[in-house]
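S.K.: Kindly generate the corresponding structure for this input.
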Amino acid sequence: MSSLAHNPIFRPAGAESLQQLVDASSQLSLKQGERILSEGEPAKFLYSLERGAVKVFHRSENGDEVLLKLFRAPAV
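M.R.: Presented below is the predicted three-dimensional model:
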């Protein structure tokens, strides 16, 4: 079906609901360092991380990167 079935947040969904979600989904592959969205920008999608890691960070006033959270697959 999809790696969504193995993600803890989707486990309670029945097979039919999960299939509807998979059918409405699209896959996005990013290279290391590519941005998903920027601070203050509203999210338009729900992202399910199947492989790798995503870093959530904030830039301080002096330009330093402040790590807020590191998500490792599987994650939503």
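S.K.: Look at residue 48 and say how many residues are nearby.
M.R.: Counted by other CB atoms under 10 Å, the residues lying close to residue 48 total 19. Just so you know, the C-beta spots here come from the backbone N, C-alpha and C atoms, and that holds for glycine as well.
S.K.: unless I'm mixing things up, it is touching residue 71, no?
M.R.: No. Using CB atoms under 8 Å, residue 48 is not in contact with residue 71, being 10.6 Å away.
S.K.: all helices of this protein, in order?
M.R.: For the chain, the helices defined by DSSP state H cover 15-23.
S.K.: What residue, apart from its backbone neighbours, is nearest the most centrally placed residue in it spatially?
M.R.: The centroid of the chain falls nearest to residue 47 when counting by CA atoms, centre = their mean (3.4 Å). With sequence-adjacent residues excluded and distances taken as CB to CB, 6 or more residues apart in numbering, residue 47 is closest to residue 36, at 6.6 Å.
S.K.: Just list the residues touching the one you found, thanks.
M.R.: 30, 47, 54 (CB atoms under 8 Å, 6 or more residues apart in numbering).
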